[in-house]
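> Here is my input, please return the structure:
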Amino acid sequence: MIFKILSKSLSKRKSRIAIAIISVMIGAAITSALLTVSADVSEKVGLEFRKYGANLLVVPKSDTIEVGFPGLDFGSVVDQRYINESDIWKIKSIFWRNNVLGFAPNLYQIVHIGEEENQQAVVLVGTYFNKEVEIIQPYSPNDEKIFNTGIEIISPWWNITSEWIKDPLDNISSLVGINVAEIFNLKIGDNYQIFYNQNFEDPSNQTIYNLSVKGIINSDGHEDNQIFVNLQVAQSISNRPGKVHTIQVSALCIECPVDTFAYDIQGAIPYVEARTVRQLVSAEMNILEKIEDMMFLVTIVALIASALGVMTTMTTSVIERKKEIGLMKSIGAQNNKIITLFLSEAAIIGILGGFIGFIIGIILSQFIGLSVFNTTISPRLEVFPIVLAISIGVTLLASIFPVRRATKVEPAIVLRGE
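Alright, predicted model coming up:
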């Protein structure tokens, strides 16, 4: 009996039901879109941040080297401890290895450019640009044994005039910071000499090395005042084979705290210390928190608006159906039957609105992803039951006041037309 009344009620009041479904659908669509985006937002924002450089710096323990890395003070580069280049692959063998987007070792040395009377000191940096690193002992047998990494991977935001150094065995090419290029009037393709003196007390013990300008760096950072070469070139010039001063690591750490990531690196290479770049990590976390708070607030507002729409529609329905309710009561219908009827209608409205809203939310999430992150957002099927439960819950809660009003209808008064 209740199902016949319910079906007739829904078929006779299509416009009212449609309005209620649209109200729920709007709230469900926004909820679906924001939940879908929220599931990916940490990774998307993290990837955006990773475009602006490393968030971890690995140094030898007790090292006091100062290389101009923003926000960190490491002292002098002279007579320092080193990291073995042969241990670098271990960064990709830790538990959080899949979160390592890239790393780049650095060997720093002061060299001079220019004639003897006018020579000026410049920092020479040996690094990987884009190199295949062999993972000697992968964490898992299923892990890739070759990992492509280097400064080109972790610092794609550098503005390079001409091109990156592609060949890891190239021992002539260099990338020159724009300030260095302007001071010494260096252009793409120019050849120049650098002078390195390992013993400052003996100026005659000077090594001369010939380099060419492959590209010019404009990063608006300390790189503009440096010269970059392949790591083995810097090792050869400074007579430090197999040694590096620091390793910059770009880690996408969403589920793991960055400090835990750093601790794992220290476990893999016991004689190093992994330091987080606090400004970058803090900014990343703050932005993530603000985005999540904003999404939560928008979702709550949308659901409240949906609830008000449903409550208004259901209240109007109760007023219009007073005689029907009075007649049902007069023939013996109890309040629980009236409550079941209206809550069943509300549940159907919630199911239909939630389902349609979920589909629209997927489309809306793609628009948000392309507009904000310039990438697509992966649909999340696990969002569907959440959206459906929220939609049904909102419609049932919004129906409490109209249902209570329906239970208070007096059959005798209504049937007399009062």
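
> Let me see the mean pLDDT of the longest helix anywhere in the chain.
In terms of residue count, the longest helix belonging to the chain (DSSP state H) is helix 278-320. Mean pLDDT, computed over helix 278-320, is 76.

> now stretch 247-267
Taken as a whole, stretch 247-267 has a mean pLDDT of 78.

> thinking again about what came up before, off-centre distance for the longest helix of the chain?
Distance of helix 278-320 from its chain centroid, counting by C-alpha atoms, centre = their mean, to the nearest Å, is 22 Å.

> just stretch 388-406 next, same as before
Distance of stretch 388-406 from the chain centroid (C-alpha atoms, centre = their mean) equals 37 Å.

> Straight-line length of that stretch, end to end?
26 Å (C-alpha to C-alpha, to the nearest Å).

> how about that stretch: buried residues?
388, 390-392, 394-396, 398-399, 402-403, 405-406 (16 or more other C-beta atoms under 10 Å). In this view, the C-beta of every residue, glycine as well, is placed from N, C-alpha and C.

> of all those residues, which two lie farthest apart?
Largest separation among these by C-beta to C-beta: 388 and 405, giving 27.0 Å.

> got the contact list for residue 36?
Counting by C-beta atoms under 8 Å, 6 or more residues apart in numbering, residue 36 touches 361-362, 365, 377-380, 383.

> Nearest spatial neighbour of it, chain-adjacent residues omitted?
residue 365 (4.1 Å; C-beta to C-beta, 6 or more residues apart in numbering).

> Would you mind measuring from the one you found to residue 357?
According to C-beta to C-beta, to the nearest Å, residue 365 and residue 357 sit 12 Å apart.

> and for the two, which residues touch both?
Residues touching both residue 365 and residue 357 by C-beta under 8 Å, 6+ apart: residue 32.

> Mind checking which of these two has more residues around it?
More neighbours surround residue 357 than the other of residue 365 and residue 357, with 30 against 26 (other C-beta atoms under 10 Å).

> Count residues in the vicinity of residue 146, would you?
Neighbour count of residue 146, defined by other C-beta under 10 Å: 8.

> OK, contacts around the closest residue to it other than its chain neighbours?
Distances taken as C-beta to C-beta, 6+ apart put residue 132 closest to residue 146, at 5.2 Å, once the chain neighbours are dropped. By C-beta under 8 Å, 6+ apart, the residues touching residue 132 are 146-148, 168.

> Check residue 93 too.
By C-beta under 8 Å, 6+ apart, residue 93 lies in contact with 135, 137-139, 268.

> Selecting buried members of those in ChimeraX, what would you type?
Provided next is the ChimeraX selection string for whichever of those are buried by 16+ other C-beta under 10 Å:
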select :135,139,268
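
> Closest one to residue 191 out of the contacts of residue 93, please.
Using C-beta to C-beta, residue 135 comes nearest to residue 191 of those, at 37.0 Å.

> In this structure the closest one contacts residue 142, no?
No. The criterion here is C-beta atoms under 8 Å, and residue 135 misses it with residue 142 at 12.0 Å.

> give me the number of residues near the closest residue to residue 250 other than its chain neighbours?
Counting by C-beta to C-beta, 6+ apart, residue 250 lies nearest to residue 154, which is 4.0 Å off, once chain neighbours are set aside. For residue 154, the neighbour count with other C-beta under 10 Å is 25.

> Check residue 315 too.
Residue 315: 17 neighbours (other C-beta under 10 Å).

> Let me know the distance separating it from residue 238.
Residue 315 is 81 Å from residue 238, where distance means C-beta to C-beta.

> In terms of distance to residue 106, which of the contacts of residue 93 ranks first?
residue 268 (18.7 Å).

> The closest one touches residue 89, doesn't it?
No. Under the criterion of C-beta under 8 Å, residue 268 makes no contact with residue 89, lying 9.5 Å away.

> if we can go back for a sec, beta partners for the residue nearest to residue 146?
Residue 132 has the following beta-bridge partners by DSSP bridges: residue 148.

> again with residue 176
With DSSP bridges as the rule, residue 176 is bridged to residue 216, residue 227.

> wait, what's in contact with it?
For residue 176, counting by C-beta under 8 Å, 6+ apart, the contacting residues are 186, 213, 215-217, 227-228.

> From residue 109, how far out is it?
Counting by C-beta to C-beta - residue 176 and residue 109 are separated by 15 Å.
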